[in-house]
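J.: Here you go, sequence then predicted model.
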Amino acid sequence: MLSVGSPRRRSRPLLLGVVVVLALAATLLWRPLVGDEDRVSGSVSLSTGVNGGVYAKYGQLLRGQLANDAPNLDMALQRSVGSLENLGRLASGEADYAIATADSIAVYQAQGGVGADRLRACARLYDDYIQLVVPSSSPVRATEDLRGLRVGVGQDGSGVQLVTRELLAAAGLDMDSDVVPFRDGIGDMPRMLEAGRIDAFFWSGGLPTTAVSRLSGVLDIRLVPLGDLLPALGERGPHTAYYRAAVLPPDAYPGIAGAEVVDTIAVANLLVTTEDADEAVTEQITRSVINGRDRIGRQVHAAQRVDLLTAIYTQPLVLHNGARDYYRSVKS
């Protein structure tokens, strides 16, 4: 009796064990197939920059990368005048993510900008190169030569205007009284220079900047060195610690005849959000920044420098928890 009934009783736990093992195996096999694109959905907004600038181009390309990586997450792009406006949009909730220069962030913090303590970083992106553009026939050979001239200084609320004011001051010039300031953006300044309405303009952007490239095709222009201002610039406040020496390579703008290496100043761009941003969404967007480096870099050459070794250096901001989760996942 026992010999007949015992196998039947043992078969039930054995069958149950097989079912549990199969279920566990199915779970393990399925989990890798469930990517972040199935975890995140909805819509977010990214505040970028002006037409013709690299911020706007980078935003378009990042949105395309995100569409591939997480098709259920839509990214809407918002044009802006630049870094300071972008930070204000984050603080007010008008934007979920934004691009801003490190010096602009430091100034925003130092001035007690609304929500400054809530700002967090996703990644260090690429460097902006400060460019002083003049006609090739211009007598301007250094920033101090701009005294009394009509100078495009960038729009109010832009990072361009912030660094222009600092550079002029480092050269012993006051932006409001020693030059005639034109508060226009990169969408207008090249045309104004071509038409002779201004004598020079400053621009801060990745290389190459489309608007400057186009200008070099219709007007003989020259880039004025700025590297000599770095020592004096470093004495103008804590935010100037984010400026570094850099060079504009001759191939940055092939349209500039006789182009040669130009000493200048660079500052890092960060992808910024707030501490309230969804962690899974922020992790995915950070992943897309790194995943899209090569694809984006083919059109925004500066973005080729984005990688895991540099992306985490986001001073003066700490990383958002979602971004930190991404970096930990790829380094573990």
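T.: Perfect, thanks for sending it. Numbering: from 1, shown residues only.
J.: Assumed S43 was part of a helix.
T.: No. Using DSSP: H, G, I helix; E, B strand; the rest coil, the assignment for S43 is strand, not a helix.
J.: Where do the strands of the stretch 1-150 of the chain begin and end?
T.: 42-47, 73-78, 97-101, 119-135, 150-152 (DSSP state E, counting those that start in this stretch).
J.: deepest of those, which one?
T.: Across the strands of the stretch 1-150 of the chain, averaging neighbours per residue (mean count of other CB atoms under 10 Å) puts strand 97-101 on top, at a mean of 28. Backbone N, C-alpha and C define where each C-beta goes, glycine included.
J.: got the angle for it vs strand 73-78?
T.: Angle between the axes of strand 97-101 and strand 73-78 is 50 degrees (criterion: axes from the mean of the first three to the mean of the last three CA atoms, to 10 degrees).
J.: contact partners of strand 97-101?
T.: 44-49, 55, 58-59, 80, 83-84, 86-87, 89-90, 122, 125, 128, 159, 162-163, 204, 242, 267-273, 277, 285 (CB atoms under 8 Å, 6 or more residues apart in numbering).
J.: From the chain's centroid, how far away is it?
T.: 6 Å (CA atoms, centre = their mean, to the nearest Å).
J.: same thing with stretch 123-136?
T.: The chain centroid and the centroid of stretch 123-136 are separated by 13 Å under CA atoms, centre = their mean.
J.: ok, now stretch 255-275?
T.: For stretch 255-275, the separation from the chain centroid amounts to 11 Å (computed by CA atoms, centre = their mean).
J.: How about stretch 92-111?
T.: With CA atoms, centre = their mean as the basis, the mean position of stretch 92-111 lies at 11 Å from the chain mean.
J.: Do a quick rundown of the strands in the stretch 201-332 of the chain.
T.: Under DSSP E, counting those that start in this stretch, the stretch 201-332 of the chain gives strands at 221-224, 243-248, 262-274.
J.: if you compare those, which one is most tucked away?
T.: Most buried of those, by mean neighbour count (mean count of other CB under 10 Å): strand 262-274, with a mean of 23.
J.: Rounded mean pLDDT for it, please.
T.: Strand 262-274 comes out with an average pLDDT of 97.
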